[in-house]
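J.: my questions concern the predicted model and sequence given below.
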Amino acid sequence: MSESETTASGRSAAAPGRPARADARRNRDRLLAAAREAFAATPDAVPLDAVARAAGVGIGTLYRHFPTREALVEAVYAAELDEVVASAPPLLEKLEPAAALRAWMTRYAAFFKIKRGMTDTLRAGWASGSIATPATRERITATLAMMLRSGAEAGSLRPDVDPEAVTMMILGVFLSTTATDSPDKVDQLLDLIVDALRPPHEP
């Protein structure tokens with residue numbers, strides 16, 4: 001065996017497949033990021049080749065990671081939901097509870113906007129069983145309950161509010177502003193919700 005063969009063999013044996021795995025992770029992350037942006041930009045179906053181009057990879061790479069549109073949509077949806085839920089504790093660490101809740105609502109609004117571009121695929125996938133039905137409502141309401149408790153303990157939010165009712169109000173804002181797609185209107189309505197959740201002023 002030549003020295004060059006020994007060297008090449010040594011490199012292969014030392015780290016078999018590691019660069020490929022790292023590249024695969026980076027490609028998957030780029031595809032998810034590109035899909036998020038594409039789904040947020042339009043409520044219409046986004047061509048998968050457009051997602052691949054935006055991620056800087058070929059369509060074959062997309063299909064290796066996500067064999068179907070449903071697989072890509074499910075991955076984006078799950079990642080977004082996880083991030084929305086996980087964003088609440090850090091916000092409570094940095095901001096007082098009412099401000100943290102308002103900032104979290106903005107993050108939730110971004111998730112809802114992305115979801116609009118996936119709605120048809122999600123509904124069809126949930127109906128057929130090709131996409132697992134997530135516990136979105138339960139997780140969002142549980143996150144709201146945690147933030148409301150924190151606010152009640154700090155005295156900045158009312159202690160008598162049903163978290164499920166707050167979920168319904170926020171969803172009402174998102175659904176009622178879908179046609180206008182006005183960020184300013186969404187912000188105004190979310191501000192009103194937070195104001196309604198503050199303790200009443202003493203006369």
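T.: Arrived safely. These numbers were taken from a predicted model, which means no experiment stands behind them.
J.: all contacts plus neighbour counts: C-alpha atoms, from now on.
T.: Noted.
J.: count of neighbours near the closest residue to Asp44 other than its chain neighbours?
T.: Closest residue in space to Asp44, ignoring its immediate chain neighbours: Gly117 at 5.9 Å, by CA to CA, 6 or more residues apart in numbering. Gly117 is flanked by 23 other residues according to other CA atoms under 10 Å.
J.: same deal with the one 10 residues further on?
T.: A count of nearby residues for Ala127, using other CA under 10 Å, gives 12.
J.: quick check, pLDDT for it.
T.: If you check Ala127, the pLDDT there is 91.
J.: quick check: it vs Met169, distance?
T.: Taking CA to CA, to the nearest Å as the measure, Ala127 falls 26 Å from Met169.
J.: quick revisit: let me see the contact set for the residue nearest to Asp44.
T.: 38-46 (CA atoms under 8 Å, 6 or more residues apart in numbering).
J.: make sure Thr143 is actually in contact with Ala88.
T.: Yes. Taking contacts as CA atoms under 8 Å, Thr143 lies within contact range of Ala88: 7.1 Å.
J.: returning to that earlier point: now do the residue nearest to Asp44 against Lys185, distance only.
T.: Going from Gly117 to Lys185 by CA to CA gives 20 Å.
J.: now Thr178
T.: In this view, Thr178 and Lys185 are 10 Å apart by CA to CA.
J.: and the residue nearest to the spatial centre of the chain, what does it touch?
T.: Among the residues of the chain, the one closest to the centroid is Glu80, at 1.6 Å (CA atoms, centre = their mean). Contacts were defined as CA under 8 Å, 6+ apart; by that measure Glu80 touches Phe111.
J.: now the lengthiest helix in the chain: buried residues?
T.: What stands out as the longest helix in the chain, according to DSSP state H, is helix 18-41. For helix 18-41, the neighbour count (16 or more other CA atoms under 10 Å) marks 27-28, 30-32, 34-36, 38-40 as buried.
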